[in-house]
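Peer 1: no sequence for this one, just the structure:
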């Protein structure tokens with residue numbers, strides 16, 4: 001790919017990520033904090049719920065723990081769903097090990113991986129990273145709806161932004177985004 005095209009692609013991708021990960025969550029925060037949104041929710045569901053009586057620190061901790069579980073499990077699930085839809089099979093789902101450090105994941109059936117078009121393989125690699133980056137921002141709405149302390153919302157936004165930063169700094173060199181780029185380069189060379 002020519003350098004100018006690569007630069008344009010990077011600018012478009014960063015602009016899209018900015019909209020998806022900064023502007024959209026910011027808009028959701030504004031909408032969910034509106035007193036009109038709260039009034040609408042209370043009018044449509046006037047029945048008191050268990051969360052109304054739950055202490056905010058307990059609710060905040062529950063939300064953050066749940067977020068952690070979802071964050072750890074959805075990365076591999078993203079690979080599994082996208083790969084399966086693209087004809088890539090998987091042989092194992094593993095939880096991970098402490099020695100050597102091995103994160104949870106899925107094991108690819110390499111023969112189906114190689115038979116899949118390079119573009120499909122690229123998006124299978126990207127899917128886990130994309131899902132992982134969406135999770136913190138998806139939980140912002142739940143945090144606002146549950147009216148947990150503001151620090152929880154900011155923690156979720158901070159985690160999301162930190163994940164994007166680590167992807168930009170490291171994943172493009174050693175992880176999913178490196179594999180995505182490798183497969184997309186292969187797809188462009190073969191077309």
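Peer 2: Arrived safely, thanks for sending. Keep in mind that this is a model prediction, so the values were computed, not measured. Numbering: from 1, shown residues only.

Peer 1: tally of neighbours for the closest residue to residue 82 other than its chain neighbours?
Peer 2: Distances taken as CB to CB, 6 or more residues apart in numbering place residue 127 nearest to residue 82, at 3.5 Å, with adjacent residues excluded. Heads up, the C-betas are built off the backbone N, CA and C, glycines and all. The number of residues packed near residue 127 is 22, by other CB atoms under 10 Å.

Peer 1: quick one: pLDDT of residue 127?
Peer 2: On pLDDT, residue 127 comes in at 90.

Peer 1: what do you get for the one 3 residues further on?
Peer 2: pLDDT, residue 130: 90.

Peer 1: now swap in residue 6 and tell me
Peer 2: In this model, residue 6 carries a pLDDT of 64.

Peer 1: quick one: name whatever helix or strand follows the worst-scoring helix or strand of the chain on mean pLDDT.
Peer 2: Using mean pLDDT, DSSP states H and E, the weakest-scoring helix or strand in the chain turns out to be helix 3-18, at a mean of 70. The element immediately downstream of helix 3-18 (helix or strand, assigned by DSSP states H and E) is helix 24-33.

Peer 1: which strands and helices lie in contact with the host helix or strand of residue 180?
Peer 2: Residue 180 belongs to helix 176-190 when assigned by DSSP H and E. Counting by 3 or more CB pairs under 8 Å, 6 or more residues apart in numbering; DSSP states H and E, the packing neighbours recorded for helix 176-190 are helix 118-145.

Peer 1: centre of the chain versus the helix or strand just after the helix it packs on, how much separation?
Peer 2: Downstream of helix 118-145, the first helix or strand assigned by DSSP H and E is helix 150-166. Centre-to-centre, helix 150-166 and its host chain are 12 Å apart (CA atoms, centre = their mean, to the nearest Å).

Peer 1: report the buried residues of helix 150-166.
Peer 2: 152-153, 155-157, 159-161, 163-164 (16 or more other CB atoms under 10 Å).
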